[in-house]
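Peer 1: sequence first, predicted coordinates after that:
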Amino acid sequence: MKLLLDQNLSRRTIPFLQEAFPASTQIALLDMENANDLTIWHYAKDNDFVIVTKDADFYEISSVYGQPPKIIWLKISNQSKAATINALVVNQQNIELALVGEGKACIEIYR
């Protein structure tokens with residue numbers, strides 16, 4: 001499972017996610033930091049990414065357009081890069097179970 005981190009998440013987390021989520025990236029690393037959410041949505045869909053975000057925008061788009069892409073909604077407020085990495089890596093199994101095993105469109109992770 002490869003992740004596409006929204007612009008509200010640091011690009012510096014990417015190297016630390018590669019073992020758990022190979023081929024993951026972040027919006028700015030794709031030169032898409034000025035792209036609107038729907039453009040990012042289509043990019044994720046066309047390239048088999050799961051979107052990781054801290055806001056409701058992509059969840060709302062999912063309500064209209066369905067899936068894919070699937071969404072990981074981090075509800076962890078403004079925390080450190082390490083907290084973001086930890087939230088994703090520690091929950092890797094739960095993320096994969098919910099999104100792949102159970103076919104859910106979105107998983108919310110709280111800290």
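Peer 2: That came in fine, so what should we check first?

Peer 1: so, low pLDDT: which residues of this structure?
Peer 2: Scanning the chain for pLDDT under 70 picks out the ranges 111.

Peer 1: what segments of it are helices?
Peer 2: 14-17, 37-46, 57-65, 81-90, 92-96 (DSSP state H).

Peer 1: okay if I get those helices as a markdown table plus distance to Trp73 and mean neighbour count?
Peer 2: For glycine as for every other residue, the C-beta is placed from the backbone atoms N, C-alpha and C. A markdown table is the format used below for the helices of the chain (distance: least, CB to CB, whole Å; neighbours: other CB atoms under 10 Å):
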| stretch | distance to Trp73 | mean neighbour count |
| --- | --- | --- |
| helix 14-17 | 17 | 17 |
| helix 37-46 | 13 | 17 |
| helix 57-65 | 6 | 15 |
| helix 81-90 | 11 | 16 |
| helix 92-96 | 11 | 15 |
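
Peer 1: reformat those helices as a markdown table; add distance to Met1.
Peer 2: What follows is the helices of the chain, written out as a markdown table (distance: least, CB to CB, whole Å):
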| stretch | distance to Met1 |
| --- | --- |
| helix 14-17 | 11 |
| helix 37-46 | 12 |
| helix 57-65 | 16 |
| helix 81-90 | 11 |
| helix 92-96 | 6 |
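
Peer 1: which of the ones you listed sits closest to Glu102?
Peer 2: helix 92-96 (9.8 Å; CB to CB).

Peer 1: which residues does Ala28 contact?
Peer 2: Gln7, Arg11 (CB atoms under 8 Å, 6 or more residues apart in numbering).

Peer 1: hmm, back to that, so which of the helices of the chain gets nearest Ile72?
Peer 2: Nearest to Ile72, of the helices of the chain and by CB to CB, is helix 92-96 at 6.1 Å.
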